[in-house]
Structures are given as C-alpha cells and as structure tokens.
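Enquirer: fold the following for me, if possible:
(one chain, ligands or ions: 1)
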Amino acid sequence: MNWDIFCSVVDNYGDIGVTWRLARQLVAEHGLRVRLWVDEPAAFARLCPGADARADRQVHQGVEVRHWPAEWQPTEPADVVIEAFACQLPAAYREAMAARARSPLWLNLEYLSAEAWVEGFHGLPSLQADGLQKFFFFPGFTERTGGLLRERGLLDRRDALRGKPGTRADFLRTLGVQHRPGERLISLFAYENAALSGWLDALAADPRATQVLVPEGRVLGDVANWLGAGGLAVGDSHQRGNLVLQVLPFLSQDDYDRLLWCCDFNAVRGEDSFVRAQWAGQPMLWHIYQQEDDVHLEKLDAFLARYVADLDEAPARALLAAWRAWNQGGDMGAAWLAMQPFEACLQAHAAKWCGLQAGRQDLAAGLVHFYTNWI
Ligand code: TRH
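Expert: Numbers count the residues shown, from 1 in each chain. You can find the predicted model right below:
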C-alpha cells in the first residue's frame, strides 16, 4: 500500500520533525511504501544526517523523500494521502485523486492540542467542493484522539541506555560532554525567552552543580547575553558559579532522544520535542509555540490541567507557576527554587505520566487502524 505525506515547512522544525518521524515509522513498523513531500528539503536535511538539501528525490530509512516543487509535476496519487497541518495539496494532485476509480483516503493531520474540543472533531469527515472527503485526524492525550507518535520499543531503548553503567556517559562523550559525578544535567531547547536569565541566575547560585546542554538554535542569543559573550558556537563551554553551559550541535532526531533520556530535566518546545520529553519520563518544562491573541496560553493550560490532574496540590502549584513563568517572561529563578522541594515527586510523576500515555495506541498505528476501518 502506498502513502503520500505532504509537509509544508511553516517555520522551525516541528512540521518536518513530525512528518519525517511518522513516515519512517509507517515504513519500519507497518511495511508501507511512503513518499514524504517536503517543500523545504533543507529543513529535512537538518534532522536526517546524510540527507541532501538539494535532492529532488532521495531515500532514507526506506522513506522516499521528495522535494515538493513550487511547480507541481503530474504524479499518481497514493492510496492514503496525509496533508500535514492543513498544508494545501497541489490542485493537480487533488484532481488526480478525484479522477481515481476509488478516491484515496485523505487525512488532515492536525497540530497536537490537549484541549477538550479535539475529541469531538477527531475522525470527522468534511465534504469538499470537488466531491472528495477529507478526514480530520487529531493527535492527543486521550483515548478519543489519535494518540501520540511513539515508535515500537522506544521505552526499552531508553531504559537500556539509562540502565547499563557507563552507557549514558559513553553517549554523552560522543557529544563532547563531560558529565561530572553528582552534577545535574539539563537540556535546553526553547525559543527566545525572557525568563531564561532568572533561571540561569538561580542555577549558577545553586550549591548543586548543574550542566545545561544547549543544541544550536534560537535560544542561544539569550544564553550568550546572559554570559556576556559576543556569540556562541558549537562546542563552546562556559562556567558561571556552579553552572556549566555547553553548546551542542543540532542533533539527529535519534540522538536528540538520547540526550533527553540522559538528562535529569528537559526544557523543550513546539510539538515534537515536547512529546519526546514525555517519553523520556523526566521532569520537563515546555516552551509552547506562540500564537496570535495568546491562544497558545489556552493550549498550555489545557495540557497543564491534564498533566497535574492527579498530582498533589503543592507540587502541582509549583509546576504550574514554573511553566507559566517560562512562557510569560516571569520570575523563573523563584519558580525553579519553589519546585526543588518536589524534585522526587515531580520525577515520579513524569514517569507515571509517560507510562499512562505509553499505554495508549500510538499515532502511526492509529492512522493505519483508521484506514483499515475506512476500507
Ligand atoms: O521546531 P519547533 O519549534 O517546531 C514548531 C512546532 O512544531 C509548532 O507547533 C509549529 O507550529 C511550528 O514548529 C511551525 O519544535 P518541535 O516541534 O519540537 O520540533 C523540533 C524538531 O527538531 C523535533 O523533531 C526534534 C528535532 N530536534 C533534533 O532533531 N535535533 C536537535 O538537536 C533538536 C534540539 C531538535
């Protein structure tokens, strides 16, 4: 069976991050033939080592990755067509879909949201002017949504890396990271963030040693400002008080997972890294993608309401304050200190949340299931 996934890169890496992850999982675990059409192959090349940013067609991990050109060339549509995040399919491709004896299953894969309304819309069809039907597929955190992307055996691979003595240190060494005994490790992936300096102040003044690992990206400017450094490059390492900050290269998706598994605390952003931090099962901090009229704050609160639902009141309050401070330029230093008495409790909670979510059907399996029910 053939699947086509269309991805238009809006900005950042979330659109291609999600679709590339989904494409390779559909191939590896469901034996499907998948073409991933991406309008910015350069964004794809950042996530997939060995990829060619200029190639019109290339195959990686069994996925045929195609440049989605501005001028569309006639192409036979697949049996299942996924339009990611409401990117518009090429008109000629749609016409070809409509011309087939049996039109393909057409799905719009939506952005992840914990909001309650998602359950009511997940799986609904929408009749298009040309007679085609498009279905809405919503990822989510409950049984009545499409679930989350999670590869088979992911948590076992995580536990294997964490479980064997020396494996974690060996992996960190491949990134050029020296982990000192007893040192707390934090990964930092965020947009520009006004609350960062307060957090770094608190970490530098903390009696416990901390190392913050920062893959190359948008937050680096704020880190450099806090350090008073003119700029930062991959491999740079600076110490202030009890805090070491090290700049890492932008990693492959699989190595980024390993980094999250190695850290005691992960600051993540957007959509895909946010989900990966949940599979890491460690306490985390989410920098949500900012939207007009602050609608993202409703999404943030919707997730928080689910996440802290069965957490005691005091740690829940500390966690809510930190996530809100991080997303609204608040006093992250004070919020961080207020979370510290609950470290063990938040750790256990993160592991429990991970277990709860991992008990649900994963998104790729959900899509395949949806197709089987449809035919
Ligand atoms: O890059 P993002 O900010 O993407 C965002 C969101 O998806 C947002 O919802 C969307 O509207 C916007 O893009 C257009 O954050 P996200 O979703 O975490 O995607 C980052 C991807 O990059 C993810 O697949 C993980 C990957 N990654 C690596 O592969 N290596 C790295 O070193 C890092 C830091 C990330």
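Enquirer: now do the helices in the stretch 51-200 of the chain.
Expert: 91-99, 117-121, 154-163, 167-174, 196-205 (DSSP state H, counting those that start in this stretch).
Enquirer: find the closest residue to the ligand in the stretch 1-150 of the chain.
Expert: Nearest to the ligand, among the residues of the stretch 1-150 of the chain, is residue 14, at 1.6 Å (Cβ to the nearest ligand atom). Glycine gets a C-beta too; all of them are placed from N, C-alpha and C.
Enquirer: pick the most buried one from the helices of the stretch 51-200 of the chain.
Expert: helix 196-205 (a mean of 20; mean count of other Cβ atoms under 10 Å).
Enquirer: what packs against it?
Expert: strand 210-215, helix 220-227, strand 243-248, helix 332-339 (3 or more Cβ pairs under 8 Å, 6 or more residues apart in numbering; DSSP states H and E).
Enquirer: okay, the angle between the helix or strand just after the third one and helix 154-163?
Expert: The helix or strand immediately downstream of strand 243-248 is helix 253-262, counting by DSSP states H and E. When axes from the mean of the first three to the mean of the last three Cα atoms, to 10 degrees is applied, the directions of helix 253-262 and helix 154-163 differ by 60 degrees.
Enquirer: who does the helix or strand just after helix 253-262 touch, helix- and strand-wise?
Expert: Sequence-wise, the next helix or strand downstream of helix 253-262 (DSSP H and E) is strand 265-269. Under the contact criterion of 3+ Cβ pairs under 8 Å, 6+ apart, strand 265-269 touches strand 184-188, helix 272-280, strand 284-287.
Enquirer: paired strands for the last one, with orientation please.
Expert: Strand 284-287 has the following strand partners under DSSP bridges: strand 265-269 (parallel).
Enquirer: okay, the angle between the strand it pairs with and helix 196-205?
Expert: 170 degrees.
Enquirer: for the helix or strand hosting residue 344, C-alpha coordinates in CSV please.
Expert: Using DSSP H and E, residue 344 sits within helix 343-358. These are the backbone C-alpha positions of helix 343-358, laid out as CSV (Å, rounded to 0.1, in the frame of the first residue of the first chain):
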residue,chain,number,x,y,z
GLU,A,343,12.0,17.1,42.8
ALA,A,344,11.5,13.5,43.6
CYS,A,345,7.7,13.8,43.4
LEU,A,346,7.8,15.5,40.0
GLN,A,347,10.3,12.9,38.8
ALA,A,348,7.9,10.0,39.8
HIS,A,349,5.0,11.9,38.3
ALA,A,350,6.8,12.3,35.0
ALA,A,351,7.5,8.6,34.9
LYS,A,352,3.9,7.8,35.7
TRP,A,353,2.5,10.2,33.0
CYS,A,354,4.8,8.5,30.5
GLY,A,355,3.5,5.1,31.5
LEU,A,356,-0.1,6.3,31.2
GLN,A,357,0.5,7.7,27.7
ALA,A,358,2.5,4.7,26.5
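Enquirer: show me what it is packed against.
Expert: Packed next to helix 343-358, using 3+ Cβ pairs under 8 Å, 6+ apart, are helix 272-280, helix 313-327.
Enquirer: most tightly packed of those helices?
Expert: Of the helices and strands packed on helix 343-358, helix 272-280 is the most buried (mean count of other Cβ under 10 Å), at a mean of 24.
Enquirer: these two touch, right, residue 63 and residue 23?
Expert: Yes. Here residue 63 reaches residue 23: they are 4.5 Å apart, a contact under Cβ atoms under 8 Å.
Enquirer: residues from this protein in reach of the ligand?
Expert: 10-15, 17, 47, 111, 189, 215, 217, 250-253, 256, 269-274, 289 (Cβ under 6 Å from any ligand atom).
Enquirer: show the buried residues in those.
Expert: Neighbour-count burial (16 or more other Cβ atoms under 10 Å) applied to those gives 12-15, 17, 47, 111, 189, 215, 217, 251, 253, 256, 269-274, 289.
Enquirer: residue of the stretch 101-250 of the chain nearest the ligand, please.
Expert: For the stretch 101-250 of the chain, Cβ to the nearest ligand atom, closest residue to the ligand: residue 215, 3.5 Å.
Enquirer: who are the contact partners of that residue?
Expert: By Cβ atoms under 8 Å, 6 or more residues apart in numbering, the contact list for residue 215 reads 187, 189, 247, 248, 249, 250, 251, 256, 259.
Enquirer: coming back round to it: now the helices and strands packed on helix 196-205 in TSV, with mean pLDDT?
Expert: As requested, the helices and strands packed on helix 196-205 are exported to TSV (pLDDT from 0 to 100):
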stretch	mean pLDDT
strand 210-215	98
helix 220-227	98
strand 243-248	98
helix 332-339	98
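Enquirer: next, format the ones you listed as JSON lines and append distance to residue 169.
Expert: Compiled in JSON lines, the helices and strands packed on helix 196-205 are given as follows (distance: least, Cβ to Cβ, whole Å):
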{"stretch": "strand 210-215", "distance to residue 169": "13"}
{"stretch": "helix 220-227", "distance to residue 169": "24"}
{"stretch": "strand 243-248", "distance to residue 169": "15"}
{"stretch": "helix 332-339", "distance to residue 169": "26"}
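Enquirer: nearest to residue 143, of these?
Expert: Residue 143 lies closest to helix 332-339 among the helices and strands packed on helix 196-205, at 30.2 Å (Cβ to Cβ).
Enquirer: the closest one: which residues count as buried?
Expert: 332, 333, 335, 336, 337, 338, 339.
Enquirer: which ones are touching the fourth one?
Expert: When contacts are counted by Cβ under 8 Å, 6+ apart, residue 336 touches 198, 199, 202, 203, 322.
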